[in-house]
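In: here's my sequence, what's the structure:
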Amino acid sequence: MIILPAIDIRGGNAVRLLRGEYDNMTVYSDDPLSVANGFAACGAKNMHVVDLDGALSGDTDNYDTIKKLIAVKDMKVEVGGGIRDESKIYKYLSLGAARVILGTVAVENDAFLTDMVKKYGEGIAVGIDIKNGHVATHGWTKLARGDVYDFMSHIEQIGVKTVICTDVSRDGACEGTNIDLYGSLKEKFKMNIIASGGITDVDELKTLAQMKIYGAILGKALYSGKMTLSDAIMTEKI
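Out: Below you'll find the model as predicted:
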């Protein structure tokens, strides 16, 4: 299992939202690059970056900051937030991003997702944010119709290889992650599943690793000191 420490960016700052609520935000650093270098110094080889402003606007609001993060040495970076057209996909992949995460557009534009997967292959991941049992879009502010499992089955058939699955109700709360959800997804689908939302301690990471979950994103637990990144990275060996 790979460990992906997260940097969510709003207004150029590294922040965390509580349960996806933009009005419930904590700023942890005004220097995301310093945060990223700290992750690298602890041995991280992967990083999850989200442009929260972009998720709302559909634009690359924090492009300059993210460009610096992608350039961090020996770090594979996945980028999400407002990536809804091919120009933005190309923009980030050409910088060296390992993959870009399509959220809203993957739900709303099936033909576009299909075309991008054919063109960019494993450079395309889909972010599936679950809120009240539905897929949330537009920066978690809107709910799409349909069943999460049906949507995942469909995108697997399209050829999507990696999904970032977030239980929004757990995200940023440090109250434990939805182990049952990830177990169910692992049983039903062959895609690489990255768990996100509420992961609080190393024991949860060990459980996810034993379940053969592909990756785990860490945010609030690291920023609040509930878990050290060095300890988390040790679970990559399970």
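
In: pull the contacting residues for residue 51.
Out: Residues near residue 51 by CB atoms under 8 Å, 6 or more residues apart in numbering: 9, 60, 61, 62, 63, 66, 79, 80, 81, 82. From N, CA and C alone the C-beta is placed, and that goes for glycine too.

In: among those residues, which lie within helices?
Out: Assignment to helices by DSSP state H places the following of the contacts of residue 51 there: 63, 66.

In: among the contacts of residue 51, which are located in strands?
Out: With strands taken from DSSP state E, the overlap with those comprises 9, 79, 80.

In: who wins for neighbours among those residues?
Out: Highest neighbour count within those: residue 79, with 30 neighbours (other CB atoms under 10 Å).

In: chain center to the helix or strand harbouring residue 231, what's the gap?
Out: Mapping residue 231 onto the secondary structure by DSSP states H and E places it in helix 229-234. Relative to the mean C-alpha coordinate of its chain, helix 229-234 is positioned 18 Å out (CA atoms, centre = their mean, to the nearest Å).

In: got it, and stretch 209-228?
Out: Here stretch 209-228 shows a centroid-to-chain-centroid distance of 12 Å under the convention CA atoms, centre = their mean.

In: list the buried residues of that stretch.
Out: 209, 211, 213-223, 227 (16 or more other CB atoms under 10 Å).

In: again with stretch 92-101
Out: Neighbour-count burial for stretch 92-101, with 16+ other CB under 10 Å as criterion, is recorded at 92, 93, 95, 97, 98, 99, 100, 101.

In: how many residues are close by the nearest residue to residue 129 once chain neighbours are set aside?
Out: Spatial nearest neighbour of residue 129, excluding adjacent residues (CB to CB, 6 or more residues apart in numbering): residue 136 at 4.3 Å. By the measure other CB under 10 Å, the count of residues near residue 136 is 22.
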